[in-house]
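Undergrad: sequence first, predicted coordinates after that:
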Amino acid sequence: MKRILVTFLPLTGIIGIAVFLLSIPSSQSKPSVVSSVSAQSTYPPSTDWYTLGANPQRTSAVASNPSNITEIKAVVRPEWFFHISPYISAKVQLIATNDTIFAASSRGLYAVKTQGVAYDQTTREAPVSSALKWIYCTSTESNITTGECPSDELPLGNSPTVIDVNGNGVHTAFVGGFDKRIHAMNANTGDKIWVSAPAEAGFHTNPLVVQVNGQWMVIAGNRDGKMYFYDANPSNTSQPVAPLGTFQTQGPILVSPAFKNNIVYFASNDMYAYAVNAATRAQVWKSAKLPGVGLHSFWPVVTTQKEPGGVSRDYVIFQGINSWGNLNDDALDFFGDNSGAGVIDIGARGTVTSSDPWTTVGTETIDVAKISDFYVAKPWRRTYFLLNAAD
């Protein structure tokens, strides 16, 4: 039997955190090993998912090791789960590092254990006393271990980044919120380390935490149109921390930035992509105006490609959004032709026939494969911008 951690985020915004117990069939002595998949420019080299997209290049890949290049062919069942009540935005990605899951919610940052969790053997639900490490509340700038943050708490904008910026093995969690501030806290205890001075609007992005010429920086885009740069280890933590500098655009920044070789890559809803020198905050380049109706889904990815002659070149990939109003009659084919029917046909309906901790017999179900397969069947509906990272 082998345990792996699996997390999932339902569309309702309520999180379930589960550790799965793998039962390897007797006919299969061990899982089969597939080819190695390595992250491109993972920074720092890590097998943890410590930031949005796993690393500052946002490649969504981690350094390979024997366990994560193994294809598991087995029957799995949930071992335990932990329920978080506050809403969690669909933009939020769970962060997994140091045997802890970090989840940014509408009422604080949750830190949940992945090891040594006791749970109800019938329902498999883990109680707060066993699974929860702490909740950091932005409104009080403090942590709690029971209950919920105050009802007037403003939502966090995106996932945290959790990393050691002191070289002492103690990780710091950095997260931004709609309270217009960046919060830094001890990732083990949830104790506040520092809080930034208020920006002009809320932070809707995951902060980059990277070294720039030997200095650890926190870099985050804001809905006020600015990219903010902070010292990750400010000398005075008793007062609100001012930014080292900012870079102004002409639209809200809703897409988390990417980073490589001291350059920050991001897009603004002024419909331009930017490359900015993190050390000087000076513009390196600005793209031509990009088509579409906004830039706020996912994040840019910095990728290195081998070109003819063996030359490697960096590219930055952005995801855009087409205007559905420009798709003419084909715009409704997501749901099919329902003219005159008055009903949108998403998929076949059924009912649950066997009970488990997640559902009860008779619960109505809908086959939503039509939704999940939509862009696979119609790739022309995807909009991507591939830009040369150099210029």
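TA: Done, it's in. Numbering: from 1, shown residues only.

Undergrad: centroid residue for this protein?
TA: In the chain, the C-alpha nearest the mean C-alpha coordinate belongs to residue 93, at 2.8 Å (Cα atoms, centre = their mean).

Undergrad: does that residue touch residue 52 like I think?
TA: Yes - Residue 93 lies in contact with residue 52 (Cβ atoms under 8 Å); the separation is 5.2 Å. From N, CA and C alone the C-beta is placed, and that goes for glycine too.

Undergrad: which residues are common contacts for those two?
TA: When contacts are counted by Cβ atoms under 8 Å, 6 or more residues apart in numbering, the set common to residue 93 and residue 52 consists of 159, 206.

Undergrad: direction included, what does the helix or strand that contains residue 217 pair up with?
TA: According to DSSP states H and E, residue 217 maps onto strand 215-221. Paired neighbours of strand 215-221 in the sheet (DSSP bridges): strand 208-212 (antiparallel), strand 226-231 (antiparallel).

Undergrad: which one of the ones you listed lies closest to residue 77?
TA: With Cβ to Cβ as the measure, strand 208-212 is the member of those nearest residue 77 (36.4 Å).

Undergrad: will you turn the strands paired with strand 215-221 into TSV that also has mean pLDDT, mean neighbour count and distance to residue 286?
TA: Converted to TSV, those look like this (pLDDT from 0 to 100; neighbours: other Cβ atoms under 10 Å; distance: least, Cβ to Cβ, whole Å):
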stretch	mean pLDDT	mean neighbour count	distance to residue 286
strand 208-212	96	23	19
strand 226-231	98	22	13
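
Undergrad: mind putting the ones you listed in TSV, distance to residue 309 included?
TA: TSV is the format used below for the strands paired with strand 215-221 (distance: least, Cβ to Cβ, whole Å):
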stretch	distance to residue 309
strand 208-212	31
strand 226-231	35
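
Undergrad: closest to residue 175 out of those?
TA: strand 208-212 (10.6 Å).

Undergrad: hey, C-alpha coordinates of the closest one in CSV?
TA: This file holds the C-alpha atoms of strand 208-212, laid out as CSV (Å, rounded to 0.1, in the frame of the first residue of the first chain):
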residue,chain,number,x,y,z
LEU,A,208,6.7,36.1,-7.3
VAL,A,209,9.4,35.5,-4.6
VAL,A,210,12.8,35.5,-6.4
GLN,A,211,16.4,36.5,-6.0
VAL,A,212,17.4,39.6,-8.0
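
Undergrad: contact partners for residue 185?
TA: Contacts of residue 185 were listed using Cβ under 8 Å, 6+ apart, and they are 109, 136, 143, 172, 173, 191, 192, 193.

Undergrad: of the residues you listed, buried ones?
TA: Those of the contacts of residue 185 that meet the buried threshold are 109, 136, 143, 172, 173, 192, 193, by 16 or more other Cβ atoms under 10 Å.

Undergrad: ok, these vs residue 252, which is closest?
TA: residue 109 (22.7 Å).

Undergrad: please name the bridge partners of the closest one.
TA: Note on residue 109: beta-bridge partners residue 104, residue 136, judged by DSSP bridges.

Undergrad: could you measure from it over to residue 192?
TA: Per Cβ to Cβ, to the nearest Å, residue 109 is found 11 Å from residue 192.

Undergrad: need the overlap of contacts for the two.
TA: Common contacts of residue 109 and residue 192 (Cβ under 8 Å, 6+ apart): 136, 183, 185.

Undergrad: look up which residues are beta-bridged to the second one.
TA: If I follow you right, that is residue 183. Residues in beta-bridge contact with residue 183 (DSSP bridges): residue 175, residue 195.

Undergrad: hang on, it packs against residue 190?
TA: No - between residue 183 and residue 190 there is no contact under Cβ under 8 Å: 10.5 Å.
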